[in-house]
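**Q** Everything below, folded, please.
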Amino acid sequence: RESSGGKYLGLTLTITATSREQLDDLYGALTSHPMVKVVL
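**A** Got it, this is the predicted structure:
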């Protein structure tokens, strides 16, 4: 959903990781992306 000021977009994604390595790789890709501010 869009933030109240319209500057940010929040997403909720559900994934099924098949390994810890896959989960770590996804986290690394998301956190290193310049358009991503927060990954929980």
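**Q** all contacts plus neighbour counts: C-alpha atoms, from now on.
**A** OK.
**Q** The residue with the largest distance to the centre of the chain is in what secondary structure piece?
**A** Residue farthest from the centre of the chain, counting by C-alpha atoms, centre = their mean, is Gly5 at 20.2 Å. Using DSSP states H and E, Gly5 sits within no helix or strand.
**Q** burial of Gln22, as a residue count?
**A** By the criterion of other C-alpha atoms under 10 Å, Gln22 has 12 neighbours.
**Q** Surely it forms part of a helix?
**A** Yes. The assignment for Gln22 is a helix, going by DSSP: H, G, I helix; E, B strand; the rest coil.
**Q** Return the residues in contact with Lys37.
**A** Contacts for Lys37 (C-alpha atoms under 8 Å, 6 or more residues apart in numbering) come out as Thr31.
**Q** Quick check: it is in a strand.
**A** No. Per three-state DSSP, Lys37 lies outside any strand segment and is coil.
**Q** Now do it, the pLDDT please.
**A** For Lys37, the pLDDT comes out at 94.
**Q** And for Arg1?
**A** Looking at Arg1, its pLDDT reads 89.
**Q** So it sits against Leu11, correct?
**A** Yes. Arg1 is within contact range of Leu11, at 6.5 Å (criterion: C-alpha atoms under 8 Å).
**Q** returning to what we had before: check the gap between the residue farthest from the centre of the chain and Val38 for me.
**A** Going from Gly5 to Val38 by C-alpha to C-alpha, to the nearest Å gives 17 Å.
**Q** and if you look at Ser19?
**A** With C-alpha to C-alpha as the criterion, Ser19 and Val38 are 22 Å apart.
**Q** if we look at whichever strand or helix holds Asp25, which residues are touching it?
**A** Secondary-structure element containing Asp25, defined by DSSP H and E: helix 20-32. Contacts to helix 20-32, defined as C-alpha under 8 Å, 6+ apart, come from residues Ala17, Val36, Lys37, Val38, Val39.
**Q** Kindly present these as CSV, with separate columns for distance to Leu23.
**A** What follows is these, written out as CSV (distance: C-alpha to C-alpha, whole Å):
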residue, distance to Leu23
Ala17, 6
Val36, 17
Lys37, 18
Val38, 16
Val39, 12
